[in-house]
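>>> Predicted structure and sequence below. I'll ask about it afterward.
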Amino acid sequence: MTEMTTTTGKKTIIVFSGEMDKILAAFVIANGAAAMGDDVTMFFTFWGLNVLRKDASAHVHKTALERAFSWMMPRGTEHLRMSHFNFAGAGPHLLSHMMKAHHVDPISEMLATAREQGIQMIACTMSMDVMGIRREELIDGIDYAGVATYLGEADEANVNLFI
Amino acid sequence: MTEMTTTTGKKTIIVFSGEMDKILAAFVIANGAAAMGDDVTMFFTFWGLNVLRKDASAHVHKTALERAFSWMMPRGTEHLRMSHFNFAGAGPHLLSHMMKAHHVDPISEMLATAREQGIQMIACTMSMDVMGIRREELIDGIDYAGVATYLGEADEANVNLFI
Amino acid sequence: MTEMTTTTGKKTIIVFSGEMDKILAAFVIANGAAAMGDDVTMFFTFWGLNVLRKDASAHVHKTALERAFSWMMPRGTEHLRMSHFNFAGAGPHLLSHMMKAHHVDPISEMLATAREQGIQMIACTMSMDVMGIRREELIDGIDYAGVATYLGEADEANVNLFI
């Protein structure tokens, strides 16, 4: 085995968690890599899908169970919880306050930046099914795919994170 | 530095978390990669070890402390909790229901598929020690090793995730 | 695409989580890799920063909000919580007891070993800002940097984990 360094200029991040602090970490890494010229793919699955939900409720047919699930989960970047110190929503307000004080973009803007920078955003169709989330409920301009697509992207990348 | 893409056909996943939703993600990725022809190693450590526990209690000697620990932790794929919305066990039932409705295999079958596909499953011996878990308590046909083995596998892989 | 194996001898770990069990995993991997001759970079961010905090309170000016945040978070390796079974601090004592019984070093010693082995420890300056943590509050001999530095290190590594 020879010592070597590979630079493929590509990164992938599986965004499984939906907590504000982890989403912040995911976007800081993704936007940082894109700013340095790397191709970046973010694969949103499970709780991470909540980041991509439209703020307004979409008129889609759901079973009672899916409606209950839908209602419990945060809708979009403005309603995320924290993994610690959530304090019924006071924690995220506090974090937002501290971010603003230190000129760190709010997550809604980080999402906008990610899109402007051409970061590929994929919503995991299997977890959409399992969680009862419809395409109409998610923001426009994203892709829909499953694990095979993720693996294809990851095979081409030199950094692959699960957040 | 030259731009290049490496494909080693190997993936490793450290399964640290024991929650049903994360275990589902781990097996979907692992089985997906194996189906595409990749070698896959899953390294189960800490809470992830619970996935490998036999459903029935094994007759092994344990200290009072180890027994308490053992009793609190889920035993096998049928008793996993969720990282969110667990609701004293209603959450996992709900998730199982939604998985079934969308023809997603239950985790017990994903585990069976993983084994059929030849995915290497390693139980981390250090965390077994620390958590008081004995080999007799884990399912047959798995390997036992420590961090050096994990690192050797990861060095040969092009995608390494910590879940 | 040709099949090949790369060995760069470098690993990076983003230490985002601050729970005792995940920190233990992070140090076992980092120290294991370093013992095998690999370069290792640990990038401490968010809750992971608590690992690097000095045990004693530092005399730094903080806003009321920052003080409240500071007071709630664990200070150093001796005060970490667990991700499950914390039981108001009984869980970490139990884990420490089990680690000692099986000759696993306490986390404070793993941190010392990491430093002796020359593992690079970087505190994420952006999350320090956002969490109101000052350099005076962190242990000596660490580096301070942002996401660009992390990405540079990760580009040179063959295993990159987010814990």
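Ah, there it is. Keep in mind the model is a prediction, meaning the values are calculated, not measured.

>>> rest of the way, CA atoms for contacts and neighbours
Fine.

>>> quick one: average pLDDT of stretch A:48-66?
Averaged over stretch A:48-66, pLDDT sits at 86.

>>> For the strand or helix carrying A:Y144, what is the distance to the chain centroid?
Assigned by DSSP states H and E, A:Y144 belongs to strand A:143-145. Relative to its parent chain, strand A:143-145 has a centroid offset of 13 Å by C-alpha atoms, centre = their mean, to the nearest Å.

>>> counting contacts, what elements does it pack onto?
Under the contact criterion of 3 or more C-alpha pairs under 8 Å, 6 or more residues apart in numbering or on different chains; DSSP states H and E, strand A:143-145 touches strand A:120-124.

>>> how about 10 Å then?
strand A:39-44, strand A:120-124, helix A:125-131 (3 or more C-alpha pairs under 10 Å, 6 or more residues apart in numbering or on different chains; DSSP states H and E).

>>> Which secondary structure element of chain A has the lowest mean pLDDT?
For chain A, scoring each helix and strand by mean pLDDT, DSSP states H and E identifies helix A:64-72 as the least confident one, at a mean of 80.

>>> buried ones in whichever helix or strand comes after that one?
Beyond helix A:64-72 in the direction of the C-terminus, DSSP H and E gives the next helix or strand as helix A:90-101. For helix A:90-101, the neighbour count (16 or more other C-alpha atoms under 10 Å in any protein chain shown) marks A:G91, A:P92, A:H93, A:L94, A:L95, A:S96, A:H97, A:M98, A:M99 as buried.

>>> any idea which of the helices and strands packed on strand A:143-145 is most buried?
Highest mean neighbour count of the helices and strands packed on strand A:143-145: strand A:39-44, a mean of 24 (counted as mean count of other C-alpha atoms under 10 Å in any protein chain shown).

>>> so what strands line up beside it?
Sheet pairing of strand A:39-44 (DSSP bridges) gives strand A:10-15 (parallel), strand A:120-124 (parallel).

>>> Format those strands as JSON lines; extra columns: mean pLDDT and distance to B:N50.
Below are these laid out as JSON lines (pLDDT from 0 to 100; distance: least, C-alpha to C-alpha, whole Å):
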{"stretch": "strand A:10-15", "mean pLDDT": "98", "distance to B:N50": "23"}
{"stretch": "strand A:120-124", "mean pLDDT": "98", "distance to B:N50": "26"}
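
>>> ok, the top helix by length along chain A near chain C or not?
Counting by DSSP state H, the longest helix found in chain A is helix A:20-35. Yes - for helix A:20-35, a contact with chain C is found by C-alpha under 10 Å from any C-alpha of the partner chain, at A:D21, A:K22, A:L24, A:A25, A:V28, A:I29, A:A30, A:N31, A:G32, A:A33, A:A35.

>>> If you rank the residues you listed by neighbours, which is first?
In terms of neighbour count, A:A30 stands highest of the residues of helix A:20-35 next to chain C at 27 neighbours, by other C-alpha atoms under 10 Å in any protein chain shown.

>>> Distance check, the closest residue to it other than its chain neighbours against C:R53.
In this structure, A:A30 finds its nearest non-sequential neighbour in A:V40, 6.4 Å apart by C-alpha to C-alpha, 6 or more residues apart in numbering or on different chains. Distance from A:V40 to C:R53, counting by C-alpha to C-alpha, to the nearest Å: 33 Å.
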